[in-house]
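Asks: give me the fold of what follows.
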Amino acid sequence: MPRGYDFAAIERKWQAIWDERRTFAVTEDPTRPKYYCLEMYPYPSGKIHMGHVRNYSIGDVVARYFTMRGRNVLHPMGWDAFGFPAENAAFEHAVHPAKWTKDNIAYMKTQLRRMGFSYDWEREVTCCDPDYYRWNQWFFLKMLERGLAYRKTAPVNWCERCQSVLSNEQAEGGVCWRHGDTPVVQRELEQWFLRITAYAEELLRDIDTLSGWPERVRTMQSNWIGKSVGADVDFALERGGSVRIFTTRPDTLFGATFMVLAPEHPLTLSLAAGTPQEQAVAAFVERMRRADRTVRTDAAAEKEGVFTGAYAVNPLTRQRIPIWAANFILMEYGTGAIMAVPAHDQRDFDLATKYRLPIRVVIQPDGDPLPEGERLEAAYDGEGRMVNSGQFTGMPSRDGIRAVCDYLEAHKIGKRAVNYRIRDWLISRQRYWGTPIPVLYCDACGTVPVPEAELPVILPEDVAITMTGGSPLARVESFAKAACPRCGRSARRETDTMDTFVDSSWYFLRFASPHEDSRPLDPAKVRAWLPVDQYIGGIEHAVLHLLYARFFTKVCRDLGLCSVGEPFLNLLTQGMVCKESYRCPTHGYRLPAEVDKTNRCRECQQPVEVGRTEKMSKSKRNVVDPDDLLADYGADTIRLFSLFAAPPEKDLEWSDDGVQGAYRFLQRVWRLVEERAGAVLAARGKTWPAGEPPEEVRALRRVTHRTIAKVTRDLEDSFHFNTALAALMELQNALARFQERLPAGPADDPRLLAFAEGVTSLLTMLAPFAPHMVEELWEMLGHAVSVSREPWPAADPVLAMEEDVEVVVQVNGKVRARLQVPRGRGEEELRGLALGEPRIRQWIQGRTVRRAVVIPDKLVNIVVAG
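Replies: Numbers count the residues shown, from 1 in each chain. Got it, this is the predicted structure:
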C-alpha cells in the first residue's frame, strides 16, 4: 500500500538519525583530500529569513556534493553573537542582551536543523562566549606587542543613534551602515586602532592571487585599499612652518596656483585665526562636519570653498599662492591637503572658475594646443609635454614625473611616496555588548595591558542599558575599577568594547580547532583545513568583513598560528531574495491580502505602487516566513525552490507558483520510486546480459549518463544549480515515460536494469538538494548506509556523448552555415553535405572550388576562387 510523501514525518525521522549517527561530524583524515565549505555565519537576530535559507542551501549542496565525490568535508556553523541590536532589544524590551542573544540562537539553531543542513554542530562557535572572546583579547595583546594596535586622539565617525564610533567602512556614504537614515558626524576622541595599513601592500598584491573570487569584489577591495604612486611635497607657509601634500602628478607642480585643505585639517582653523576670514572659515568647517561626505566628494557635486586668509609658497615657482579649504577634500586620503592645479584637475578647475582663482597650463597635449588661463573650458588631465615649467619645459610629462621627483629629493623639499586610501581600523566602540578591550589606565604606569594569564576580561552582566552617554561599562564600578597589574595601585579599565568585525575576522580559523583552550588555534589542525575552499555570502561584505578577514589571516600567519596568507580560495556572493511589495500613498507598505486584484488598497481604494524586485524586508511587509513554508511544504521543497529559481549569483524573485512546482516535482519523484521500488530492488546486483540491448534501453541510458555528465559539470565547475535541477527533472520525466513499458520480469531484463540505473542515478544526484526525501527513498530501495555516503555516479563517456554535433561551414574563412550531423561522419560525407547545403550553394555558385578543409565533427572550410 503506497504511503505517500509525508514530508513532515520523513524530515523529523532523518534529522534524528543524522544526529544519532553523527553523520556530519568530521575529523582530520590525511588519506582523503579535504574540502572546507563555509557560509558566512549569521547574526542571531531572532529567526532565519529566506536570505539565510538561500545562502545555506547553496552551501549545503556544495558540502554534500563534495562529500559524495570522496572529499573529507568540513562544514561548520556558528554565531556572530555580539552587536548593537542586542543592546537595542535590551533597551526596548527590558531583556538582557545575553538572554536575548542566547534565546535567539536556540530558536535559529532549531530552524537550521529543521532545514536539514549538514553542519558539524560539534564545532559550533558563539562569539559572545568568554571561551571565544578571550582570544579576541589575546590577539589584541599580541598586536599591541608588535605595534599593530595603538591608541590616539583622532577625528572619528560618530553615530548619534548608536552612541558609538564607526569605522570608515561603516560610515560609507556619510550615514551609519546600520541606520541608513542617520547621518554620521565628526568627533575628537581617544580611540584604539589596528594597524591594517602595515599590510596594505600585501593585501593589495595578493588580490591578484584570488582567481576564485568575483572580479567585482576584487575590484572593490583594490579600490578601497587605493594605492597611489607619486610624491610628498612640502609647501612653506608664509607665516612659518610648512604643509605637506601628496600628488600623483609632480609634473604639474608648476601649475599649482593655490592650495586646498580639508575642512577637518588641523591647520584649517589655525591658519584663519586672527584674520578677517576667521568667522567664515569656522562656519564653513562646522557646516562641512555635518555634510554627507559622499555628496562632498561626488564628482558631480558643486565645489564649495573658503579662503583661509593665509598663503603658502610654491616650492618650484616660488610664487605666493592662497590657501583655501574646500568640501571635496577629506582627511582620509593623502595628507588632507592638496596643491590645486586647475588646468589639469577638473575639481580644482571647477573651484578656480567659481572663485576666479588663477589657472596656468603646464601640460600641452599632442595635437591642438590648450588655450591659456581663463579661456580654458575644462581641465586636461592627460599626458603631453611640459610647458611653463622652468628647466623641465619640453619634457614628455611621463619623463617629467621622474625628473621633478629627482629635483625635489635633491633639494630636500619632497620625496617619492606611495599613498594608500585605506586607513587603520578603528575598533573602539562605546557600547556594552562586545569584547572588552584588555587594557587598564594607571596614573603611575600609564596604559597597561592586562596580563595574558588574567584573560578573559569578563563582560559583566549587571549593566543598565540606557542607549545614552557612551559605554554602559563606564557606569559599572565593579568593572571599571581594578588594580594595576604592575604597581598594584588603583587603575581604571578601558570601558570601550571592540568592533564586532573583530569577532568575524577569524572565526573561520577557529572552526578548525574549536575546543582548543591553550591558544586560539591549533596550527596543525589549521594547516589541515585552511584555506576555506568555498566561502559563500552577500556582496555587502565585499569590503568590510572580507578585508578584515584577510588582514587577520596574515597576522595569524606571522604569529605562527597558520601557514596560509589568504583565508578563502573561492568566493560566491549570492543574490538577494526579492518579492513584490505594495506601497499605498496613505497607509504605507501593505500585505498582499490588503491589496485587491486591481492593485488598489482595500482600505482607501488608492492605487498602490508595486515593487517587482524589492528585497524582502519586514519594513516593506513582503517577507516570507520559512516556518510557514516548513509547515506547508517541508524543508526539501524550500531548498529546491531557492536553488532552482535563479543562478546563485543572481537575485531570486519569489514565486508562490515556483514553490508549488518544486513540491510537485518531489511528489513525482516519490511516486515514481515508491511504485517501482520492487523492480529496482529486484535489479540490484544483476549484470547486463550479453548482446546488444534494444534501442529503447540505449536511449534511456544515454539520457541517464548525459544527465550525470551535465549535473556533474554544473556542480563542479559553476554551481549552476538551476540548470542541474532542470536536467534532473528531464531525467525524471524520461523515467516516468519509460516505466510504462517495464516488463514484469525477469530481473536481469535490460529494460529493468536501465530503469534501475536511471532511478539510482536520479536519487544520488538529487540527494544534495532534497536530502530527507532521498534518504527515505534510498532506504526503501534496501540501502542500509546513508545516501550521503554513496559515491557520486560517474558518466560513461560513450553513453554521455551527444549523438549530433554542430559542424561550422565556412567559405573562404567566413561562417556561412551551421549543420547538425550525426557524430563521427567521415570527411567525404561532411564535404558533400557542406557543398549541398542551400545556404552554401549561393556563396559558391559560379565560382571554382579549389579545396575543402575538413575537421571531423567541427568544421568544413570551402576555399573558392573568383
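Asks: need the phi and psi values for K650.
Replies: Taking degrees, to the nearest 10, you get phi -100, psi 160 for the backbone angles of K650.
Asks: chain neighbours aside, what residue packs nearest to it?
Replies: With C-beta to C-beta, 6 or more residues apart in numbering as the criterion, K650 has its nearest non-adjacent residue at 4.6 Å, and that residue is G575. Just so you know, the C-beta spots here come from the backbone N, C-alpha and C atoms, and that holds for glycine as well.
Asks: how many residues are close by T497?
Replies: Around T497 there are 26 other residues, counting by other C-beta atoms under 10 Å.
Asks: repeat for A677
Replies: Neighbouring residues of A677 were enumerated by other C-beta under 10 Å; the total is 16.
Asks: offset the numbering so it begins at 24, please.
Replies: With the count now opening at 24, the last piece we talked about shows up as A700.
Asks: secondary structure element for it, which one?
Replies: With elements delineated by DSSP states H and E, A700 resides in helix 679-706, which encompasses its position.
Asks: ok so, going back, what does the pLDDT read for the residue nearest to K673?
Replies: Looking at G598, its pLDDT reads 87.
Asks: and what of the one 10 residues further on?
Replies: Per-residue pLDDT puts P608 at 85.
Asks: next one: the one 10 residues further on
Replies: Per-residue pLDDT puts V618 at 82.
Asks: for it, give its distance to D655.
Replies: V618 sits 22 Å away from D655, going by C-beta to C-beta, to the nearest Å.
Asks: the two: which has the busier surroundings?
Replies: It is V618, of V618 and D655, that has more neighbours when counted by other C-beta under 10 Å, with 20 against 13.
Asks: surely that one meets Q628?
Replies: No: V618 sits out of contact with Q628 when judged by C-beta atoms under 8 Å, with a separation of 10.7 Å.
Asks: what's the overlap in contacts for the two?
Replies: Listed as contacting both V618 and Q628 by C-beta atoms under 8 Å, 6 or more residues apart in numbering is no residue at all.
Asks: grab the nearest non-local neighbour of D152.
Replies: Nearest non-adjacent residue to D152, counting by C-beta to C-beta, 6+ apart: A104, 7.8 Å away.
Asks: try E395
Replies: Computed as C-beta to C-beta, 6+ apart, the closest residue to E395 that is not its neighbour in sequence is V384, at 5.9 Å.
Asks: one step back: contacting residues for the residue nearest to D152?
Replies: 66-67, 124, 128, 149-152, 526.
Asks: now the stretch 24-173 of the chain, which segments are flagged as low pLDDT?
Replies: Applying pLDDT under 70 to the stretch 24-173 of the chain picks out residues 24-25.
Asks: tell me which stretches of it form strands.
Replies: Per DSSP state E, counting those that start in this stretch, the stretch 24-173 of the chain has strands spanning 57-62, 95-97, 101-102, 148-149, 172-182. These are given in chain order.
Asks: return the set of buried residues in the longest one.
Replies: When burial is assessed from 16 or more other C-beta atoms under 10 Å, strand 172-182 yields the following buried residues: 172, 174, 177-182.
Asks: so which elements touch it?
Replies: Taking 3 or more C-beta pairs under 8 Å, 6 or more residues apart in numbering; DSSP states H and E as contact, the helices and strands that strand 172-182 lies on are helix 153-168, strand 187-189, strand 207-217.
Asks: next one: the residue nearest to K673 from S234, what distance?
Replies: With distances taken as C-beta to C-beta, G598 is found 22 Å from S234.
Asks: again with E539
Replies: On the measure of C-beta to C-beta, E539 and S234 end up 32 Å apart.
Asks: who has more neighbours out of the two?
Replies: Set side by side, E539 and S234 show more neighbours around E539, with 16 against 9, by other C-beta under 10 Å.
Asks: pretty sure that one contacts P546?
Replies: No: judged on C-beta under 8 Å, E539 makes no contact with P546 at a distance of 10.0 Å.
Asks: in the stretch 624-773 of the chain, which spans are strands?
Replies: Secondary structure of the stretch 624-773 of the chain (DSSP E, counting those that start in this stretch): strands at 632-638, 675-676.
Asks: rewinding a little: and the pLDDT at the residue nearest to E395?
Replies: Reading off the model, V384 has pLDDT 97.
Asks: find the helix or strand that it is a member of.
Replies: Applying DSSP H and E as the criterion places V384 outside every helix and strand.
Asks: that one and V364, how far apart?
Replies: 10 Å.
Asks: more neighbours, the two?
Replies: Comparing V384 with V364 by other C-beta under 10 Å, the one with more neighbours is V364, at 27 against 24.
Asks: quick check: phi and psi on that one?
Replies: The phi and psi torsions at V364 (degrees, to the nearest 10) take the values phi -120, psi 80.
Asks: what's it in contact with, if anything?
Replies: Taking C-beta under 8 Å, 6+ apart, we find V364 in contact with 272, 275-276, 278-280, 371, 385.
Asks: give me the pLDDT value at it.
Replies: Among the per-residue scores, V364 holds a pLDDT of 97.
Asks: for the stretch 24-173 of the chain, which segments count as helices?
Replies: Taking DSSP state H, counting those that start in this stretch, the helices of the stretch 24-173 of the chain run over residues 30-44, 73-91, 107-116, 120-137, 153-168.
Asks: closest to V692 out of the ones you listed?
Replies: Of all the helices of the stretch 24-173 of the chain, the one in closest proximity to V692, counting by C-beta to C-beta, is helix 30-44 (12.2 Å).
Asks: so where's the stretch 274-423 of the chain uncertain?
Replies: Those would be 316, if you go by pLDDT under 70 across the stretch 274-423 of the chain.
Asks: oh sorry, the question was meant for the stretch 624-773 of the chain
Replies: Applying pLDDT under 70 to the stretch 624-773 of the chain flags residues 635-637, 641-645.
Asks: quick one: the helices in it?
Replies: Here the stretch 624-773 of the chain has its helices, by DSSP H, counting those that start in this stretch, at 649-655, 658-667, 679-706, 718-736, 744-762, 773-789.
Asks: which stretch among the ones you listed comes nearest A857?
Replies: With C-beta to C-beta as the criterion, A857 lies closest to helix 718-736 of these, at 27.1 Å.
Asks: excluding chain neighbours, what is closest to V118?
Replies: Nearest non-adjacent residue to V118, counting by C-beta to C-beta, 6+ apart: A112, 6.3 Å away.
Asks: my guess is that neighbour contacts H119. True?
Replies: No: in this structure A112 lies outside contact range of H119 using C-beta under 8 Å: 9.4 Å.
Asks: those two: who's more crowded?
Replies: A side-by-side neighbour count of A112 and H119, using other C-beta under 10 Å, places A112 first with 21 against 16.
Asks: so where's the stretch 474-623 of the chain uncertain?
Replies: Applying pLDDT under 70 to the predicted model, the residue ranges of the stretch 474-623 of the chain that meet it are 490-493.
Asks: what segments of it are strands?
Replies: Under the criterion DSSP E, counting those that start in this stretch, the stretch 474-623 of the chain contains strands at 504-506, 513-516, 520-521, 557-561, 594-597, 600-607, 611-613.
Asks: out of the ones you listed, nearest to I248?
Replies: Closest to I248 of the strands of the stretch 474-623 of the chain is strand 594-597 (C-beta to C-beta; 16.9 Å).
Asks: quick one: residues contacting the closest residue to V462 other than its chain neighbours.
Replies: The shortest distance from V462 to any residue other than its chain neighbours is 4.4 Å, reached at E517 (C-beta to C-beta, 6+ apart). Applying C-beta under 8 Å, 6+ apart to E517 gives the contacts 215, 459-464.
Asks: E517 and N159, how far apart?
Replies: The gap separating E517 from N159 is 13 Å, by C-beta to C-beta.
Asks: how about E589?
Replies: Using C-beta to C-beta, we find E589 at a distance of 21 Å from N159.
Asks: who has more neighbours, those two?
Replies: When E589 is set against N159 and neighbours are counted by other C-beta under 10 Å, the residue ahead is N159, at 26 against 19.
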